[in-house]
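A.B. asks: Here you go, sequence then predicted model.
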Amino acid sequence: MPHKITWGLLGPGRIAGKFINDLLFAADPSRPTTIEHKLVGIASNSNVKNAIRFKNDIINQESNTEIQCYGKYDDLLANDQIQVVYIATPNFNHFELCYKCLQAGKSVLMEKPFTINAKQTEILIELSRKKKLFLMEAFWTRFNPIYKDVYKLCFEESAIGEVVTITSQLSFLFDQSDPSMDRIYNPALGGGVLLDIGIYALSWPVGLLNHDRTLEFPEISSQATLSNTGVDVNTAVVLKYGSNKIGIANCSAFYENQNNHVVIYGTEGRIEVDLSYKPTHYWLYDGAGKLVKEKNTNQYGNGMYFEADHVGECLTKGLIESDWYTLEDTLTMAKILETVRKQNNVVYPGKIESTEI
Ligand SMILES: NC(=O)C1=CN([C@@H]2O[C@H](COP(=O)(O)OP(=O)(O)OC[C@H]3O[C@@H](n4cnc5c(N)ncnc54)[C@H](OP(=O)(O)O)[C@@H]3O)[C@@H](O)[C@H]2O)C=CC1
Ligand SMILES: O=C1OC[C@@H](O)[C@H](O)[C@H]1O
């Protein structure tokens, strides 16, 4: 019998549509058959019509009759049929909503970036442990099979010797005159490219230069250009781990990058990856620069079901934390993002930095 995981959704917007589509419908034959995902509730906090529209747009009318729609997030939290809540709102209220979910006894899958600052992350980790509830950042890239293959090549097969340098980028054209870009340019919503897309570029050096989590927090130097609204829009970060490992990550809102690549350099070769946020292809080169292996993956859905299935597997096993993308990993990333923001005077309103509920 498959293990049924019952989901609630807060924030029926853009990413939620992709995630829920994947959760329910991605037809990858390798998906675990032991888990049956069921969407039980959808909540908008501004208008129940948003939740209803989402339900009708995403889910086949015949199969959606049992899904409850709510006009307030709190009402969804009162539904005791819901086991885990996926929070897909803009960055500014992640802390508050996650805190409320945990207090209401719900496990949580929280969109990236987990919170606005490291203190908020620490509080949520502590609360989830106290309540014995599952909590994870929806860092979908880490669950992508190409990321996992690269990890294996580097650390189980020693395919490129010692990993010493990683360069990684992610840039999109975020047009400031487009009203839908409010989330990116508005400090009150926790905007800026670092938290929006820089986090993906950073995740490769952060995940692979310290893969066994034995090294100290890295030395960080960074530079950023700020928008007229005060958030970062063109940002570069250098991380130094230990005495000899260096990561370079950059992100920008100024151009649509055709080359959002990652390159992992080892002492005996390199691995190139096509897309830092949504990898589909890797190429392994030996020390002489000869291509020795490559892999292209089949694409099913949006690539977000890997993280969703992982949540299902963790819940099935009764875990309160992933052992693959841990809460310590989330906290480390939160500290790195905060350090870079501080170095570049990206200041958010005190209200969204607050740890008061
Ligand atoms: N994993 C990934 O690939 C991606 C992740 N993300 C992350 O997901 C989160 C949501 O991004 P995205 O889907 O683009 O966001 P949207 O702008 O689509 O907003 C999502 C929902 O949040 C609520 N909301 C939007 N603006 C506000 C506001 N000003 N005040 C209060 N509530 C608001 C709305 O729900 P309601 O009806 O309740 O008001 C809206 O439907 C972000 O943290 C982002 O970093 C985003 C894109 C891709
Ligand atoms: O997480 C994301 O990935 C894709 C981007 O377009 C989006 O702005 C960002 O939030």
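C.D. replies: Here it is on my side, so go on. Ligands and ions are numbered 1, 2, ... in the order given.
A.B. asks: What distance do you get for the nearest residue to Tyr200 once chain neighbours are set aside to ligand 1?
C.D. replies: Spatial nearest neighbour of Tyr200, excluding adjacent residues (CB to CB, 6 or more residues apart in numbering): Tyr277 at 4.0 Å. Yep, even glycine has a C-beta here, placed from its N, CA and C like the rest. Distance check for Tyr277 against ligand 1: by CB to the nearest ligand atom, to the nearest Å, it reads 7 Å.
A.B. asks: And for Tyr277, the neighbour number?
C.D. replies: 19 (other CB atoms under 10 Å).
A.B. asks: Check the secondary structure at it for me.
C.D. replies: State at Tyr277, reduced to three classes by DSSP: H, G, I helix; E, B strand; the rest coil: coil.
A.B. asks: What's the per-residue pLDDT of it here?
C.D. replies: pLDDT for Tyr277: 98.
A.B. asks: There's contact between it and Leu170 in this structure, I believe.
C.D. replies: Yes - Tyr277 lies in contact with Leu170 (CB atoms under 8 Å); the separation is 5.6 Å.
A.B. asks: ok, now which ones touch the residue in the stretch 151-300 of the chain positioned nearest to ligand 1?
C.D. replies: Nearest to ligand 1, among the residues of the stretch 151-300 of the chain, is Arg183, at 4.9 Å (CB to the nearest ligand atom). Arg183 sits next to 90-91, 189, 191, 196 when contact means CB atoms under 8 Å, 6 or more residues apart in numbering.
A.B. asks: please redo it, this time with the cut-off set to 6 Å
C.D. replies: By CB atoms under 6 Å, 6 or more residues apart in numbering, the contact set of Arg183 is 90, 189.
A.B. asks: Phi and psi next, for it.
C.D. replies: phi -60, psi -30 (degrees, to the nearest 10).
A.B. asks: Relative to ligand 2, how far out is it?
C.D. replies: 8 Å.
A.B. asks: now Val340
C.D. replies: 17 Å.
A.B. asks: Burial check on the spatially closest residue to that residue that is not a sequence neighbour, number of neighbours?
C.D. replies: The shortest distance from Val340 to any residue other than its chain neighbours is 4.5 Å, reached at Ser222 (CB to CB, 6+ apart). For Ser222, the neighbour count with other CB under 10 Å is 21.
A.B. asks: and if you look at the one 5 residues further on?
C.D. replies: When neighbours are defined as other CB under 10 Å, Ser227 has 20 of them.
A.B. asks: isn't it right up against Val233?
C.D. replies: Yes - counting by CB atoms under 6 Å, Ser227 does reach Val233; the two are 4.7 Å apart.
A.B. asks: domains in this protein, as residue ranges please.
C.D. replies: 3-141+305-325, 145-297 (automatic domain parsing).
A.B. asks: Out of the ones you listed, which is closest to Ile352?
C.D. replies: Evaluated over the domains of the chain, closeness to Ile352 peaks at domain 3-141+305-325, with 4.5 Å, by CB to CB.
A.B. asks: what's the nearest residue to Gln81 if we skip its chain neighbours?
C.D. replies: Val40 (5.0 Å).
A.B. asks: what about the one you found, distance to Ile82?
C.D. replies: Per CB to CB, to the nearest Å, Val40 is found 5 Å from Ile82.
A.B. asks: And Gly318, by the same measure?
C.D. replies: 18 Å.
A.B. asks: do the same with Val206
C.D. replies: Val206 is 32 Å from Ile82, by CB to CB.
A.B. asks: Can you add distance to Leu337 and give the domains of the chain back as CSV?
C.D. replies: CSV is the format used below for these (distance: least, CB to CB, whole Å):
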stretch, distance to Leu337
domain 3-141+305-325, 6
domain 145-297, 6
